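A.B. asks: sequence below, structure please.
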Amino acid sequence: MICLDNFITGSKDNLKACMGYKTFKLIEHDISNPLYIKDDLDWVFHFASLASPRHYLHHPIKTLKSGLLGAYNCLGIAKAKGAKFLLASTSEIYGDPLISPQPEEYWGNVNPIGTRSCYDESKRGAEAITYGYMRQHNLDVRVIRIFNTYGPLMHPADGRVVSNFIVQALKGEDLTVYGEGEQTRSFCYIDDLIGGILKMMTVDYKTPLNLGNSSEFTISELADKVLKLTGSKSKIKHLPLPEDDPKQRKPDISRAKEILEWKPEISLEEGLTKTISYFLSIDI
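C.D. replies: As a prediction, this is how the structure comes out:
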């Protein structure tokens, strides 16, 4: 197994469990730049991305390059090695959706020049180039569209709502809710997501597939759950809604249930409890 990372948002500490394996190799590299791999490969996975709004709004060019040039370089490696290719796409390709839940057939409602477009369009472009390689070079590809995912090993300053709320609650700070908190999200625990990814590797299915939890919660409901589970006395602080912030986000996972025989098993409260325990174990 070969892992490539430039650690712009990640941490080598998260790889400690892998470092002891002789078959594991770490290469520090920005996949936006070309790379030659001498080893034989069975699969190439493109997960590189600045997925948090806090990060991609601060690094829009790096976000575009990791999504677009990163996909191009990974596809080139897969083609050269005769390997299968998996693209980690995102629910953000649906933008601020006009229908809910969002099925894979939905083309989305995306602002192509808004502040979030560096992330949205890099993923949409990555899907386009993936299917270009499939059609022109007969490359064996898979595309998963990942909805909101959370769990242990998230960075305390990640900027996404679950980690934000937990860290703020544990530190006794106000929980920052954008708008009235009525926008909805669906939160998938990391173990469930990985289970779906592993199953995706075992099937011959070429079109995009949603992976996420179809249980929908408002941001205010999430804040209340975090306060209850942490026992925090923190208050809620309302801030203006960011530009193009989706009002609803809920996956239609009927295709994943049928094709992969997969569905999430871990409830939001159970997943939050595990994630809170992690943040309690580290220095925040």
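A.B. asks: contacts for stretch 275-284, please.
C.D. replies: 150-154, 156, 162-163, 166-167, 170-171, 226, 229-230 (CB atoms under 8 Å, 6 or more residues apart in numbering). Backbone N, C-alpha and C define where each C-beta goes, glycine included.
A.B. asks: which among the residues you listed gets closest to Lys38?
C.D. replies: Leu153 (30.1 Å; CB to CB).
A.B. asks: quick check, that closest one in a strand?
C.D. replies: No. Going by DSSP: H, G, I helix; E, B strand; the rest coil, the assignment for Leu153 is coil, not a strand.
A.B. asks: contacting residues for it?
C.D. replies: So Leu153 contacts 14, 190, 278 (CB under 8 Å, 6+ apart).
A.B. asks: restrict those to the buried ones and give me that as a ChimeraX selection.
C.D. replies: Buried residues among the contacts of Leu153 (16 or more other CB atoms under 10 Å), as a ChimeraX selection:
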select :190
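A.B. asks: and the least confident of the contacts of Leu153?
C.D. replies: Of all the contacts of Leu153, Asn14 carries the smallest pLDDT score, 90.
A.B. asks: for it, give me its contacts.
C.D. replies: Contact analysis of Asn14 by CB under 8 Å, 6+ apart lists Leu153.
A.B. asks: which ones among the contacts of Leu153 lie within strands?
C.D. replies: Judged by DSSP state E, the contacts of Leu153 include no members of strands.
A.B. asks: let me have the contacts of Leu153 in a markdown table, adding distance to Gly181 as columns.
C.D. replies: Conversion of the contacts of Leu153 to a markdown table gives the following (distance: CB to CB, whole Å):
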| residue | distance to Gly181 |
| --- | --- |
| Asn14 | 31 |
| Ile190 | 24 |
| Tyr278 | 24 |
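A.B. asks: just the closest of the contacts of Leu153 to Pro101, please.
C.D. replies: Nearest to Pro101 among the contacts of Leu153, with distances taken as CB to CB, is Ile190, at 21.0 Å.
A.B. asks: need the nearest residue in space to the closest one, chain neighbours excluded.
C.D. replies: Leaving out its chain neighbours, the residue that sits closest to Ile190 by CB to CB, 6 or more residues apart in numbering is Gly151, at 3.3 Å.
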